[in-house]
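In: Sequence first, then the predicted structure:
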Amino acid sequence: MRLPPALKRYTQWIGFTAVLIPLLVLLALQYRSLARLDQTATLVHKAGLNNFLEAVTTDVDYFYRTNAERVLDLPAAVFTQDQLAKAAFHFKKKGVEGVKRLFVERFQNEDDHPLYFNPSCATFQPPLWSPELRAVYVASSPWRILANKGGRLERVRLMVEEKDPDYRILLYPITDDSSRVVGVAGMVLDEDYFRDHVLPEAVKQSLATFDSSDMEPIVSVADAKGRIVYTNGPLPGRRMEVQKPFSLVFTDWTIGLASRHTTPAVVARRNFLLNVGLSAALATVLVGGVLLALRTASREMKLSRMKNEFVSNVSHELRTPLASIRVFAEFLRLGRVDGPEKAREYGEYIETESRRLTQLVNNILDFASIESGRKTYHFERCDVREVVCGTLKTFGVRLRQSGFDIVLQGAETPLPPARIDAGAIAQSLSNLLDNAVKYSNLKSANGKTDITVSLRRDGDWIVISVIDQGIGIPRDEQRKIFDRFHRVSTGLVHDVKGSGLGLSIVRHIVDAHRGRVTVESRPGEGSTFSIHLPIDSPNAPDTQPLAAPAEARERPSEA
Ligand code: ADP
């Protein structure tokens with residue numbers, strides 16, 4: 001797809017946004033569904049725990065209901081035909097656990113009272129007055145009233161009376177053939193038996209069918225006052241996760257469930273956070289990858305743009321001196337020269353331009369050999385001052401032609417020798433001088449400014465500085481100008497053609513000498529480039545590796 005030119009600059013950001021937006025939408029959707037899953041998981045877990053409690057209470061109900069129905073369902077004749085002995089025999093035969101007392105009450109005469117079953121002699125006896133007897137009266141009185149009124153009971157149901165929590169009573173109304181209530185049979189429950197046998201058994205049975213591997217449930221039962229009357233393990237310090245009252249008897253007691261180690265909500269939350277964390281990490285890696293790919297693509301695009309500019313600049317750099325050489329050579333050949341002075345001047349032009357060409361070609365060849373890793377250096381003990389003076393001499397003509405005054409400072413002070421490749425250092429200095437000329441010409445209208453070359457010792461270093469009063473370099477560009485093909489593209493520099501190779505070669509050469517190149521510059525005030533070379537020391541290398549390592553080439557020089 002072709003983008004409009006105005007958008008081309010933003011290609012990478014458009015690409016990045018195209019990846020980022022769907023990614024964010026996906027993440028948001030995933031977050032929402034994870035949050036829902038989190039809630040659902042908690043609810044499902046709670047429902048599971050509730051089911052567990054339901055199973056326990058159902059077991060308890062079943063125990064008491066079947067016991068009561070099995071034992072208390074007496075034939076009406078027991079009451080109507082005074083066959084209490086049969087009832088006693090029935091109670092004895094059936095036998096029942098978890099009961100403190102079995103009793104019956106007839107509603108035949110006004111003076112009929114409850115009779116307690118005595119299991120030791122299997123007979124019914126009238127009880128003495130006691131709180132228990134009062135509870136029995138309270139439980140049976142509605143049925144007595146119904147019987148006295150001659151009322152009928154269509155469906156016989158097991159009744160529970162728990163008004164007095166010390167005497168919990170199960171009561172079974174007995175009806176005759178015409179559905180009239182003729183008496184009741186009942187049992188007073190044994191609380192200790194419930195706590196010590198019925199509950200543990202019901203909990204054990206439910207635990208056996210409950211998948212509790214991840215939470216180790218603690219079951220506890222609290223009485224009406226909140227006192228814990230039963231638990232199957234040490235209670236965790238927090239609240240029960242689910243609670244429920246018993247449904248048939250002991251209805252003022254509640255059974256609760258908590259996990260020993262962690263709550264289902266915490267488990268669900270942990271899973272949720274883990275999933276969100278993983279998604280976020282994945283998204284970060286993805287975004288990082290995309291950014292990296294975009295950065296690489298952007299670098300490649302920049303490099304390719306710089307290479308294109310390089311080709312166009314170099315063609316221009318080659319064409320201009322060649323044209324001058326041809327014109328001046330033609331003048332000389334055709335004898336169009338006004339005297340020997342002019343001939344000398346033309347000769348100087350030809351010499352200068354061919355030197356510039358040589359320097360350009362040398363730079364290109366050097367760059368090629370640096371890039372391919374074939375560049376070698378030959379180090380010799382040299383007097384750096386001689387190399388600098390020699391370079392200035394060959395460069396002098398061009399400087400004079402360009403209208404520059406060159407000042408050499410520090411030439412009189414003797415310097416210690418250094419192990420250098422004299423040709424390479426001369427080339428570095430030429431590149432710096434060439435830049436000083438190029439980027440100063442632009443500034444001075446009359447084309448006359450000083451360029452200072454200073455030579456000094458600074459500790460273990462010999463420092464060669466080229467100081468110009470040219471256009472200067474913006475601060476944020478100072479680190480980049482040592483990169484290959486990089487040219488400051490703002491302001492006046494635009495008008496100067498160049499290859500963008502000069503400083504990268506300087507840096508390579510200086511790096512190979514184990515030195516460093518620095519720049520200090522202020523836009524509009526000028527620049528100072530300094531080459532720092534180590535003075536000769538016994539362990540200096542004779543030759544350097546074929547090429548500096550890649551990172552040395554990429555690394556911007558300290559600015
Ligand atoms: P070029 O062939 O473009 O001069 P260089 O590698 O020598 O390539 O320089 C890189 C860039 O650094 C130049 O394009 C210019 O913008 C900037 N530069 C180098 N020397 C100077 C200087 N003395 N004054 C101002 N700018 C400079």
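Out: All right, it came through fine.
In: phi, psi of residue 251?
Out: phi -70, psi -10 (degrees, to the nearest 10).
In: What about it, how many residues nearby?
Out: Per other Cβ atoms under 10 Å, the neighbour tally for residue 251 reads 14. For the C-beta atoms, the positions are set from N, CA and C on the backbone; glycine is no exception.
In: so the nearest residue to it once chain neighbours are set aside bridges to which residues?
Out: With Cβ to Cβ, 6 or more residues apart in numbering as the criterion, residue 251 has its nearest non-adjacent residue at 5.7 Å, and that residue is residue 245. Beta-bridge partners of residue 245, counted by DSSP bridges, are residue 254.
In: doesn't residue 223 make contact with residue 245?
Out: No. Look at residue 245 against residue 223 with Cβ atoms under 8 Å: they stay out of range, at 11.3 Å.
In: what's the helix or strand for the most centrally placed residue in the chain?
Out: Centroid-nearest residue in the chain: residue 281, 4.3 Å away (criterion: Cα atoms, centre = their mean). Using DSSP states H and E, residue 281 maps to helix 264-334.
In: what's the distance between residue 520 and residue 513?
Out: Residue 520 is 20 Å from residue 513, where distance means Cβ to Cβ, to the nearest Å.
In: Who has more neighbours out of the two?
Out: residue 513 (24 against 15).
In: Quick check: nearest residue in space to that one, chain neighbours excluded?
Out: In space, residue 513 is closest to residue 533, 5.5 Å off (Cβ to Cβ, 6+ apart).
In: Specify the local secondary structure of that neighbour.
Out: State at residue 533, reduced to three classes by DSSP: H, G, I helix; E, B strand; the rest coil: strand.
In: That one reaches residue 464, doesn't it?
Out: Yes. Here residue 533 reaches residue 464: they are 7.4 Å apart, a contact under Cβ under 8 Å.
In: related to what we said a few turns ago, and residue 245 and residue 223? Which one has more around it.
Out: Taking other Cβ under 10 Å, residue 245 and residue 223 do not tie; residue 223 has more neighbours (16 against 13).
In: hang on, isn't the more buried one packed against residue 251?
Out: No. With contact defined as Cβ under 8 Å, residue 223 and residue 251 do not form a contacting pair (11.5 Å).
In: any idea how far the residue of the chain positioned farthest from its centre is from residue 183?
Out: Taking Cα atoms, centre = their mean, the residue of the chain most remote from its mean C-alpha position is residue 81, at 85.7 Å. Plainly put, residue 81 is 12 Å away from residue 183 if you go by Cβ to Cβ.
In: can you pull the contacts of the residue nearest to residue 513?
Out: 384, 418, 420, 425, 461-464, 510, 513, 515 (Cβ atoms under 8 Å, 6 or more residues apart in numbering).
In: Which positions in the chain make contact with the ligand?
Out: 431, 435-436, 439, 468, 470-473, 481, 487-488, 493, 498-504, 527 (Cβ under 6 Å from any ligand atom).
In: shared neighbours of residue 533 and residue 464, anything?
Out: By Cβ under 8 Å, 6+ apart, the residues touching both residue 533 and residue 464 are 384, 425.
In: And for residue 23, the neighbour number?
Out: Counted with other Cβ under 10 Å, residue 23 comes out at 15.
In: which SS class is it?
Out: Classified using three-state DSSP, residue 23 is helix.
In: residues touching it, list them.
Out: By Cβ under 8 Å, 6+ apart, the residues touching residue 23 are 283, 286-287.
In: same thing with residue 407?
Out: 450-453.
In: okay, those in CSV with neighbour count next?
Out: Formatted as CSV, the contacts of residue 407 follow (neighbours: other Cβ atoms under 10 Å):
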residue, neighbour count
450, 14
451, 24
452, 17
453, 23
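In: ok but residue 197 is inside a strand, no?
Out: No. Under three-state DSSP, residue 197 falls outside any strand and is assigned helix.
In: Please report the distance of it from residue 97.
Out: Using Cβ to Cβ, residue 197 is found at 8 Å from residue 97.
In: These two: who's more crowded?
Out: residue 197 (14 against 10).
In: ok but residue 110 is inside a helix, no?
Out: No. Using three-state DSSP, the assignment for residue 110 is coil, not a helix.
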